[in-house]
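# Any chance you could fold what I've pasted below:
(chains A and B)
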Amino acid sequence: MLAVKNLHKSFGEAHILKGISATFEKGQTSLIIGQSGSGKTVLLKCMLGLHVPEEGVIDFDGRIFNGLKEKEKRQIRKEIGMVFQGGALYDSMTVEENIMFPLKMFTNDTKQEMLKRVNFVLDRVNLHNSNSKFPSELSGGMKKRVSIARAIVMNPKYLFCDEPNSGLDPQTAIVIDNLIREITQEYNMTTVINSHDMNSVMEIGDKIIFLKDGCKEWEGTKDDVFRTDNKAIVDFVYSSNLYKKVRDALLKGE
Amino acid sequence: MTNFEHIGAYFLMLKEVFRKPQKWKVFWELLFREIDDLGLKSLGIVVFIGFFVGGVVAIQTALNVDSPFIPKYLIGFATKRSMILEFAPTFMSIILAGKVGSYITSSIGTMRVTEQIDALEIMGINSINYLVLPKVIAVLLFYPILVILAMFLGIFGGWVAGVLTDLFYTEDYIMGIQLEFNPYFVKYAIIKTLVFAFVIVTVASYHGHKVSGGALEVGRASTKAVVWTSVTIILLNYFLTQMLLG
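Predicted coordinates for the structure are as follows:
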């Protein structure tokens, strides 16, 4: 289980995170949602150790991340997989080299063993015949798949995704969402997704945490989203007429 | 950030650079790639500039030595001394600061703004050590070779210029370049080259690693890196000359 307790983070005068506490369970896909500027990315970066919070605790299965030495932090980081918004694939490496990179850095596997693992994860994300392509030759959806493959190649315990389906067409976005959910359940990972895509919320959100102005405004499951009276989340989720109609229909029991 | 804070952050970065590589096998691979990218790919410009600078120095010296009391072999002597002491180490380093420095800043800066550096850090890799150390070692190994090559080509270029313009005779030129050869001057040039090479890579890497924003900021950082590297080289050239030759 991953937990954050009373997390505070400021940049100069701007107080971005104002005492956020949340838990993220194993085998579940947890989504952090909220408007732009609500602190989602800062929260994710604090959990990943890219930002240091002024106050609060980040707890990886009993290991308090922000109290550890750099060497111990690196050990935890090896258990983390990350899918970046833009993929963050290494431009100078092919797809195969990108995915093989963590294996080369942290294992003593032979080239053949590494290749077997790379092909296995590429197969898992349904990406075939792309081993020798460079990131510049891939479509947005393919980049996301490679990024997911790289994130899971080391069998991580924790998977973080920063807006995994931004910039994708609706069909590909659903495929990527489902892939993340399947992988989460298959590997029993703790998955945290930062998103403002409402389709993702409704499709894969085992747990939803809604942030507003740096505070946790609401928390619940995707089913709770339809029943909540919290004005802030209702305004956020049902800003689209389509979702308003879906909610009305559900509440009327149609 | 103030300039003092930048200087402090630069030295903190150096502390991270000189840590043991996390995986030696990967380090060697990167080192050979950097020797190719930063060294071998600079060979063309070093050959071209070295040859023509030597030619220009020889022609200018010949045109200024018009007194019959000044022996013609001084043209070869002056060309040799200028190439060894100043043009090969300093001039080449300024050129390489532009070529290699901007390449390093833009490549690391692009990695920063496209979150590739974040990806390294999240994996538990010390990004500064991983990206900068192979570059530092590559240039420290290869730039002395480039500068010695530039010295030879400059002296050769001076002779070719003399032959083509008939400003001096080959015999005089050969006598001049053989006159009073002091091996310490070559050592001095190599020491300067090593210091300048270190500055080129580390200052450029610092500016690349600190970028935040987008493509425009990467471009600005590249320009800033070249300016600061050139200024540092010129200042260090003054102090090193005073220390080693004064």
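
# Identify the residues contacting the nearest residue in space to A:Lys212 that is not next to it in sequence.
Distances taken as CB to CB, 6 or more residues apart in numbering or on different chains put A:Ala232 closest to A:Lys212, at 5.2 Å, once the chain neighbours are dropped. Where C-beta positions appear, they are placed from N, C-alpha and C, glycine not excepted. Residues near A:Ala232 by CB atoms under 8 Å, 6 or more residues apart in numbering or on different chains: A:210, A:212, A:217-218.

# now do A:Ile99
Going by CB under 8 Å, 6+ apart, A:Ile99 touches A:118, A:121-122, A:146, A:149-150, A:153.

# Same check on A:Met202?
Neighbouring residues of A:Met202 by CB under 8 Å, 6+ apart: A:222, A:225.

# Looking at it now. What's its pLDDT?
On pLDDT, A:Met202 comes in at 80.

# about what we covered before: can you tell me which of the contacts of A:Ile99 is nearest chain B?
A:Arg150 (8.2 Å; CB to the nearest CB).

# Now compare the contacts of A:Ala232 and name the two farthest from each other.
Comparing all pairs in those by CB to CB, the longest separation belongs to A:Lys212 and A:Trp218, at 8.2 Å.

# Settle it for me: which of those two has more neighbours?
Of the pair A:Lys212 and A:Trp218, A:Trp218 is the one with more neighbours under other CB atoms under 10 Å in any protein chain shown, namely 21 against 18.

# hang on, that one packs against A:Asp235?
No. In this structure A:Trp218 lies outside contact range of A:Asp235 using CB atoms under 8 Å: 11.3 Å.

# what helix or strand does the most centrally placed residue in chain A sit in?
For chain A, the residue nearest the mean C-alpha position is A:Cys161 (2.1 Å; CA atoms, centre = their mean). A:Cys161 belongs to strand A:158-162 when assigned by DSSP states H and E.

# What's the local residue count around the residue of the stretch 151-254 of chain A found nearest chain B?
Taking CB to the nearest CB, chain B has its nearest neighbour within the stretch 151-254 of chain A at A:Phe160, 8.0 Å off. By other CB under 10 Å, the residues close to A:Phe160 number 24.

# Beta-bridge partners for it, please?
Note on A:Phe160: beta-bridge partners A:Met82, A:Val192, judged by DSSP bridges.

# wait, it sits on A:Ile80?
Yes. Using CB under 8 Å, A:Phe160 is in contact with A:Ile80, at 6.6 Å.

# Between the two, which contacts overlap?
With CB under 8 Å, 6+ apart as the test, A:Phe160 and A:Ile80 both reach A:48, B:122.

# Would you mind listing what in chain A touches chain B?
A:48-50, A:73-78, A:80, A:82, A:84-86, A:88-91, A:101-102, A:104-106, A:160 (CB under 8 Å from any CB of the partner chain).

# for A:Ile64, phi and psi?
In terms of degrees, to the nearest 10, the main-chain angles of A:Ile64 are phi -80, psi 100.

# and what of A:Lys207?
phi -140, psi 140.

# what about it, how many neighbours?
Counted with other CB under 10 Å, A:Lys207 comes out at 20.

# helix or strand for the closest residue to it other than its chain neighbours, which one?
Nearest non-adjacent residue to A:Lys207, counting by CB to CB, 6+ apart: A:Ser30, 4.2 Å away. Using DSSP H and E, A:Ser30 maps to strand A:29-34.

# any idea of the mean pLDDT in that strand?
The pLDDT scores in strand A:29-34 average 92.

# Now the element after it, going C-ward?
For strand A:29-34, the succeeding helix or strand toward the C-terminus, using DSSP H and E, is helix A:40-48.

# Not counting its own residues, what contacts that next one?
For helix A:40-48, using CB under 8 Å, 6+ apart, the contacting residues are A:2, A:4, A:7, A:9, A:16-17, A:20, A:32-34, A:51-53, A:58, A:65, A:80, A:82, A:160, A:162, A:192, A:194, A:196, A:211, B:118, B:122.
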